[in-house]
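Asks: Coordinates only, no sequence provided:
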């Protein structure tokens, strides 16, 4: 599939007279309204943060919310995304496609003031069934001026696996949980009980879900009301002119930035750790740059694979844009105008473009991240200044579910954590040590909150020595987390880079690999200050004789896949979860000795590695 957008071609800024002539609005008003649109989206986000019960929404910002413009053929507008919040960037592009398809399915003519239509079918422009989309029309004096739209990640959507992530157990979309075509959640401002009950009877967390569906309504209403305020103040024509101006502004900014990349064709190749049979999956990307346009083509990648090893085309398109934006478009407002110069090709039936009824609930995370990485790897070949060592390259997941028997009335619980990790070194400096992945941008929930809300105990969280990819500018080190469930649990984990180390750039070394270890009954030993010895490998390379960790270079070592659902962890077990270290940039022998000394003091690099890798001796 090739996704292309309108092309205005111009990369130069407009004068006040040109703005007035082209958009019918003076430049000052156009700029005020351009910023107002983004401000509205941020206010919508704050409403969700303040009122949601799910920590995914209130704490982690795992949602996207904003505004779509109108359909106006004269202005070449077609329900374009005109402003998005600062939640999960992966939702920026997806929100537009998801909402458009829902609007068309429901019928534009069928919307009335106060209606909210919700949907979660990933094969209609979405990502996975846990992402619930919602749209609310914006009317002014009977005229449809667009929609307020959201995507919110639901903690549980039913199905056999708590949280919905079931790698290895979800052969197709029918095993993922409830899947709904567009339908009314609110009709003329009144809650449709039948719809909300469809969700609450399917989920393990009904009270939370019921509350948060109504929070979505409140947040969308903020957008509708605030747009109405600005339209009342400036008028419909000025508002429509500002919408068009806002989209063209972002397009011009992107085209100007793309001129920095030399024209040419650039290729990149990577692998996913494993498919459903445990074999690596080949991933390819070709970037073709010409003038102020760029094509990103994922042809040549592995076919989709059952049990969730694929993603929706909308995920890939979104990730391709994020790859560019994270490199040099960070100041460009995210809206549909920014997407116009970028043309994305996703071959149907490939791992980057799943076809029904393929499951994508788990796999969309792997390929979303890898799409972004491939784009950055390809463009780095155009100029060293664009190169960045590979980050931990994963939206990691570890979840626990069971019954919390701490309160007087035991209650079911569903816990999910997306561990953060390091970024790679670049021409500008060392990589960050502990960051959310670009696609998720999820704020990590505090450990204190998690221990209070769930029957879990966090024992350690620390950087791991000698895991950062070496280089003139090193990558960030891996982070290791030790936690223990206090009750018997069912767990799901998804982790990448357990088979292949992250890659360095321009002579930089790769970072360490990720992995999961289990110390059965380890909490008792840890509580007695005893060493947690003899771990069992859950994910990573294992010695076939005794299940202990093995050197990946050992020809006898076996690889245990790092994506599995329905795993039992007993009360008192200790699980060690370690993300990958990030890749370095440049020759490690060119690193400033003072920086190496600082790393040794901070236990990022050992004294032995400082001498062996960096050539820095400590007497």
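Replies: The structure has been received and is ready for your questions. Nothing here was measured: the structure is a model prediction, and the numbers come from that model. Numbering: from 1, shown residues only.
Asks: Which SSE is immediately downstream of the worst-scoring helix or strand of the chain on mean pLDDT?
Replies: Evaluated with mean pLDDT, DSSP states H and E, the helix-and-strand set of the chain has its lowest mean pLDDT in strand 2-3, which scores a mean of 52. Scanning forward in sequence from strand 2-3, with DSSP states H and E defining helices and strands, the next element found is helix 16-23.
Asks: Output the contacting helices and strands for that following helix.
Replies: In terms of contacts (3 or more C-beta pairs under 8 Å, 6 or more residues apart in numbering; DSSP states H and E), helix 16-23 is packed against helix 27-51, helix 236-258. To be clear about C-beta, it is placed using only N, CA and C from the backbone, and glycine gets the same treatment.
Asks: Any idea how far apart the tips of stretch 103-122 sit?
Replies: Counting by C-alpha to C-alpha, to the nearest Å, you get 15 Å between the two ends of stretch 103-122.
Asks: correction: stretch 164-174
Replies: From the first residue to the last, stretch 164-174 extends over 12 Å; the measure is C-alpha to C-alpha.
Asks: Touching it from outside, list them.
Replies: Contact partners of stretch 164-174, identified using C-beta atoms under 8 Å, 6 or more residues apart in numbering, comprise 122-123, 128-130, 154, 156-161, 175-177, 179, 276, 306-308, 356-363, 397, 399, 416, 492, 494, 561, 563-566.
Asks: circling back to that earlier point, any chance of the helices and strands packed on helix 16-23 in TSV with mean pLDDT as columns?
Replies: Supplementary listing: the helices and strands packed on helix 16-23 in TSV, determined by pLDDT from 0 to 100:
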stretch	mean pLDDT
helix 27-51	97
helix 236-258	96
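Asks: Quick one: closest of those helices to residue 217.
Replies: Using C-beta to C-beta as the criterion, the shortest distance between residue 217 and the helices and strands packed on helix 16-23 is 10.0 Å, found for helix 27-51.
Asks: circling back: quick check: which of the helices and strands packed on helix 16-23 is buried the most?
Replies: The highest mean neighbour count among the helices and strands packed on helix 16-23 belongs to helix 236-258 (a mean of 22), with neighbours defined as mean count of other C-beta atoms under 10 Å.
Asks: Now do it and helix 27-51, the angle between them.
Replies: Taking axes from the mean of the first three to the mean of the last three C-alpha atoms, to 10 degrees, one finds that helix 236-258 is oriented at 90 degrees with respect to helix 27-51.
Asks: Helix or strand next in line after helix 236-258, which one?
Replies: Counting by DSSP H and E, the next helix or strand C-terminal to helix 236-258 is strand 264-272.
Asks: hmm, who's touching that following strand?
Replies: Contact with strand 264-272 is made by 280-289, 302, 309, 351, 366-367, 370, 373-375, 377-379, 381-382, 496, 499-500, as judged by C-beta under 8 Å, 6+ apart.
Asks: likewise stretch 549-557?
Replies: Counting by C-beta under 8 Å, 6+ apart, 499, 513, 515, 517, 535, 537, 540, 541, 542, 543, 544, 558 sit against stretch 549-557.
Asks: so of the contacts of strand 264-272, which ones are in helices?
Replies: 366, 367, 370, 373, 374, 375, 377, 378, 379 (DSSP state H).
Asks: By the neighbour-count criterion, which of the residues you listed qualify as buried?
Replies: With burial judged by 16 or more other C-beta atoms under 10 Å, the buried subset of these is 366, 367, 370, 373, 374, 375, 377, 378, 379.
Asks: For those, work out which two are farthest apart.
Replies: Longest distance between any two of these is 21.0 Å, between 366 and 379; criterion C-beta to C-beta.
Asks: what's the average pLDDT for stretch 153-164?
Replies: Summarised as a single mean, pLDDT over stretch 153-164 is 86.
Asks: can you tell me the distance between the two ends of it?
Replies: From its first residue to its last, stretch 153-164 covers 11 Å (C-alpha to C-alpha).
Asks: What are the buried residues along it?
Replies: By neighbour count with 16+ other C-beta under 10 Å, stretch 153-164 contains the buried residues 153, 154, 155, 156, 157, 158, 159, 161, 162, 163, 164.
Asks: Residue 31 and residue 24, how far apart?
Replies: Here the criterion is C-beta to C-beta, to the nearest Å. By it, residue 31 lies 15 Å from residue 24.
Asks: Next: residue 131.
Replies: Taking C-beta to C-beta as the measure, residue 131 falls 37 Å from residue 24.
Asks: Residue 449 too?
Replies: If you measure residue 449 against residue 24 using C-beta to C-beta, the figure is 50 Å.
Asks: Got the domain ranges for the chain?
Replies: Listed by automatic domain parsing, the domain ranges of the chain are 9-255, 387-619.
Asks: Could I get the contacting residues of residue 353?
Replies: Applying C-beta under 8 Å, 6+ apart, we find residue 353 in contact with 1, 298, 304, 310, 311, 312, 313, 316, 346, 347.
Asks: quick one: average pLDDT of the longest helix belonging to the chain?
Replies: The helix of greatest length in the chain, counted in residues with DSSP H as the criterion, is given as helix 206-234. Per-region confidence: helix 206-234 scores 96 on mean pLDDT.
Asks: in it, what's buried?
Replies: Taking 16+ other C-beta under 10 Å as the criterion, helix 206-234 shows 206, 208-209, 212-217, 219-224, 226-228, 230-231, 234 as buried.
Asks: just stretch 353-371 next, same as before
Replies: Result for stretch 353-371 [16+ other C-beta under 10 Å]: buried residues 353-354, 358-371.
Asks: out of these, who's nearest residue 249?
Replies: Distances from residue 249 to these, taken as C-beta to C-beta, are shortest for residue 371 (26.2 Å).
Asks: Looking at that closest one now. What's its pLDDT?
Replies: If you check residue 371, the pLDDT there is 96.
Asks: In contact with it, which residues are there?
Replies: Taking C-beta under 8 Å, 6+ apart as the contact definition, residue 371 lies against 285, 298, 311, 315, 316, 319, 320, 323, 352.
Asks: one more time with 6 Å
Replies: Neighbour list for residue 371: 316, 319, 320 [criterion: C-beta atoms under 6 Å, 6 or more residues apart in numbering].
Asks: just to revisit the earlier point, selection in PyMOL covering whichever of the contacts of residue 353 are buried, please.
Replies: Restricted to the buried members of the contacts of residue 353, where burial is judged by 16+ other C-beta under 10 Å, the PyMOL selection command reads as follows:
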select buried, resi 298+304+310+311+312+313+316+346+347
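Asks: which among the contacts of residue 353 gets closest to residue 47?
Replies: Of all the contacts of residue 353, residue 47 sits closest to residue 312, with 27.6 Å by C-beta to C-beta.
Asks: okay but that closest one is in contact with residue 122, surely?
Replies: Yes - in this structure residue 312 lies within contact range of residue 122 using C-beta atoms under 6 Å: 5.4 Å.
Asks: Could you tell me which residues touch both of these two?
Replies: Residues touching both residue 312 and residue 122 (C-beta under 6 Å, 6+ apart) are residue 360.
Asks: give me the beta-bridge partners of the closest residue to residue 500 other than its chain neighbours?
Replies: Residue nearest to residue 500 in three dimensions, not counting chain neighbours: residue 271, with 5.8 Å by C-beta to C-beta, 6 or more residues apart in numbering. According to DSSP bridges, residue 282 are recorded as the beta-bridge partners of residue 271.
Asks: neighbours around residue 271, how many?
Replies: Other residues within reach of residue 271 by the criterion other C-beta atoms under 10 Å amount to 15.
Asks: And residue 612, by the same measure?
Replies: Using other C-beta under 10 Å: residue 612 sits among 13 other residues.
Asks: Surely it is within a strand?
Replies: No - if the criterion is DSSP: H, G, I helix; E, B strand; the rest coil, then residue 612 is helix and not within a strand.
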